[in-house]
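Q: I would like the atomic coordinates for the input below:
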Amino acid sequence: MCDHDLSLSLFRGERLLIGAIRRLALGTGCPGAVAQFEFVCGWTGHEACRTLEVFLQQLALHGRRRLTLSMPGDPAVTADERAMLDVFAFAQAEAYEAMEARLFELLETAPPAPLGAAACVVAQVLAMNGCFVEPAPIGPGAQCWEASTTPSSTAAQCAPAAATTWPCQMARENFSRLFT
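A: Numbering: from 1, shown residues only. Okay, here's the model as predicted:
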């Protein structure tokens, strides 16, 4: 298991996902998770957070083992949390076979269709708002995952061509003007 402090090396989308996953899994921080998603993703944040909740419910319903999560605020990222981040990274990259393989690892059984669909919706909302998730390196020489603090060319390639942040930024600015 790869548990060490990665909080400074995680991208914005990864920190958002880890924080929300931990809060939603504990059942204690749904309003906080929704508020964070709304801050980052604007008006699409509420639906993205609720879809993440569906993703976690499907994991709980179909999983054959307990997943290990850190407490909210803990800088360590567990191997299961990293695997969940990989699911969203593969969904952003539209690497569905890799996503399904990672879901199989998490569940220890074939993943149901709603699980992958929920991951894709959340991943695309994050990508549309400039929040990227990178998969962990795979291979014999791969160490514990550590990303740089700036998006790599891989993250830029993972974003769909139509997923620009301009409309989302404009909507967020307009929303801020109306309600602050």
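Q: use CA for all of it now, contacts and neighbours both
A: Will do.
Q: need the strands for the chain, in chain order.
A: 4-5, 76-77 (DSSP state E).
Q: Output the below-cut-off pLDDT ranges for this protein.
A: 1-10, 28-30, 138-180 (pLDDT under 70).
Q: Repeat the analysis, applying 80 as the threshold.
A: For the chain, the stretches flagged by pLDDT under 80 are 1-12, 27-32, 137-180.
Q: Q57 and H46: what is the separation?
A: 17 Å (CA to CA, to the nearest Å).
Q: which one of these two has more residues nearby?
A: H46 (19 against 15; other CA atoms under 10 Å).
Q: which one is C49 nearest to, not counting chain neighbours?
A: V34 (5.7 Å; CA to CA, 6 or more residues apart in numbering).
Q: ugh, wrong one, L67
A: Per CA to CA, 6+ apart, closest to L67 is D80, 6.0 Å.
Q: need the contact list for the one you found.
A: Applying CA atoms under 8 Å, 6 or more residues apart in numbering to D80 gives the contacts 67-69, 106.
Q: Kindly recompute the last result at 7 Å.
A: Listed by CA atoms under 7 Å, 6 or more residues apart in numbering, the contact partners of D80 are 67-69.
Q: could those go into JSON lines alongside neighbour count?
A: What follows is the contacts of D80, written out as JSON lines (neighbours: other CA atoms under 10 Å):
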{"residue": "L67", "neighbour count": "14"}
{"residue": "T68", "neighbour count": "12"}
{"residue": "L69", "neighbour count": "19"}
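Q: With distance to A89 as extra columns, can I get the residues you listed in JSON lines?
A: Listed next are the contacts of D80 as JSON lines, based on distance: CA to CA, whole Å:
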{"residue": "L67", "distance to A89": "19"}
{"residue": "T68", "distance to A89": "19"}
{"residue": "L69", "distance to A89": "18"}
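Q: remind me, longest helix of the chain?
A: helix 45-62 (DSSP state H).
Q: can you pull out the helices in this structure?
A: Listed in chain order, the helices of the chain (DSSP H) span 12-26, 30-41, 45-62, 79-92, 96-107, 113-128, 153-158, 166-179.
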